[in-house]
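K.L.:
I'll drop the sequence and a predicted model, then ask my questions.
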Amino acid sequence: MNKNIKRFLLCAGVLALTLGGCGSKDEPKEEVKKEEKAVLVKNDLYVEPLNPTELQIRAYNELSTSVQEENYAKEAEMAAVSFALDFFTMSNKSGSEDVGGMSFIPTTMSWEFKEYAQSYYYNNYNYIVNEEGKDALPEVVDYKVNSVTEGVYTYLGEQYNGYDVTLQLTYKEGGLKAEDLKTEMVLHVIGINDFKYDRTKVYKDYTDFEGERYNTYKVLSME
């Protein structure tokens, strides 16, 4: 924090105490309530986030609730939110190869998406760590869903029902400037019968995927 800002806050605090009559010994002290840490609630359709932030856990839990309640609009919304939180947060990533949000990308385009992400966003990881320190890595600390609207999308020659999810993201202070980060976006999410992403594997072709398919919502594109 800037020293001048620290000094200003200190002076403002002293002024507030003086005007508030802080010398009174009879006034009861307010108890500071600590918010309980969220516990991850798993579901059968979506891969759990790796090294999640508190915000990611809460978003994923909402996703799990929507799956249980079969609330498809909410499921699509929280799939989009979970993708955005994981993709744009670098503070919990191990390096430039550790691209977030991969489990929310259709498997047929996952390796191409990862290459794109490493070239145009995660390529900044090492530079930020070396020049600014790991504490400067972007971390999403809040989000706002502005709208969720139904749509029909064409992918690989087939039509899919889905939703446009409009989001606003807020990043932690002390890192990169907000103008250097993506804070507003529209995510196009489709309902698709697809494989689960296995982060322990290196996918180079669609045929690398195997196992059971699940009806889930995945991010087709973002603008």
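P.N.:
Everything's here; your move. Being a predicted model, the structure only gives us computed values, none of them experimental.
K.L.:
so which residue is dead centre in this protein?
P.N.:
Nearest residue to the geometric centre of the chain (Cα atoms, centre = their mean): residue 85, 0.4 Å.
K.L.:
ok, it - contacts?
P.N.:
53, 55-56, 59, 140, 143 (Cβ atoms under 8 Å, 6 or more residues apart in numbering). Every C-beta, even on glycine, is put in place using the N, C-alpha and C of the backbone.
K.L.:
ranges for the helices of the protein?
P.N.:
For the chain, the helices defined by DSSP state H cover 3-19, 54-69, 72-88, 110-120, 125-131.
K.L.:
what is the burial count for residue 80?
P.N.:
Residue 80: 31 surrounding residues under other Cβ atoms under 10 Å.
K.L.:
can you list the weak-confidence ranges in the protein?
P.N.:
Within the chain, the stretches with pLDDT under 70 are 1-35, 203-207.
K.L.:
90 instead?
P.N.:
For the chain, applying pLDDT under 90 flags the ranges 1-38, 110-111, 173-180, 197-211.
K.L.:
what's the single longest strand in it?
P.N.:
What stands out as the longest strand in the chain, according to DSSP state E, is strand 140-155.
K.L.:
in its sheet, what does that one sit against?
P.N.:
Applying DSSP bridges, strand 140-155 is found paired with strand 158-171 (antiparallel).
K.L.:
quick check: angle from the partner strand to helix 54-69?
P.N.:
Strand 158-171 and helix 54-69 are oriented at 150 degrees to each other (axes from the mean of the first three to the mean of the last three Cα atoms, to 10 degrees).
K.L.:
may I see the buried residues of strand 158-171?
P.N.:
160, 162-165, 167, 169, 171 (16 or more other Cβ atoms under 10 Å).
K.L.:
now render the residues you listed as CSV, adding distance to residue 183.
P.N.:
Output for the buried residues of strand 158-171, formatted as CSV (distance: Cβ to Cβ, whole Å):
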residue, distance to residue 183
160, 28
162, 23
163, 20
164, 17
165, 15
167, 9
169, 5
171, 7
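K.L.:
out of the residues you listed, who's nearest residue 95?
P.N.:
residue 171 (19.8 Å; Cβ to Cβ).
K.L.:
okay but residue 163 is in contact with residue 73, surely?
P.N.:
Yes: in terms of Cβ atoms under 8 Å, residue 163 counts as a neighbour of residue 73; the distance is 6.5 Å.
K.L.:
anything in contact with each of those two?
P.N.:
Any residue near both residue 163 and residue 73 by Cβ under 8 Å, 6+ apart counts here, and that gives 148, 150.
K.L.:
tilt between the longest strand of the chain and helix 72-88?
P.N.:
Angle of strand 140-155 versus helix 72-88, following the same axes, to 10 degrees, is 120 degrees.
K.L.:
pull the distance from strand 140-155 to the chain's centre.
P.N.:
Distance, stretch centre to chain centre, for strand 140-155: 13 Å (Cα atoms, centre = their mean, to the nearest Å).
K.L.:
what does it rub up against?
P.N.:
53, 55, 59, 73, 76-77, 81, 84-85, 88-89, 106, 159-172, 188, 190, 192, 220.
K.L.:
buried residues in it, which are they?
P.N.:
Buried positions in strand 140-155, judged by neighbour count with 16+ other Cβ under 10 Å: 140, 143, 148, 153, 155.
K.L.:
now swap in stretch 87-97 and tell me
P.N.:
87-93, 96.
K.L.:
pick the one among those residues closest to residue 211.
P.N.:
Once Cβ to Cβ is applied, the member of the buried residues of stretch 87-97 that ends up nearest residue 211 is residue 87, at 23.7 Å.
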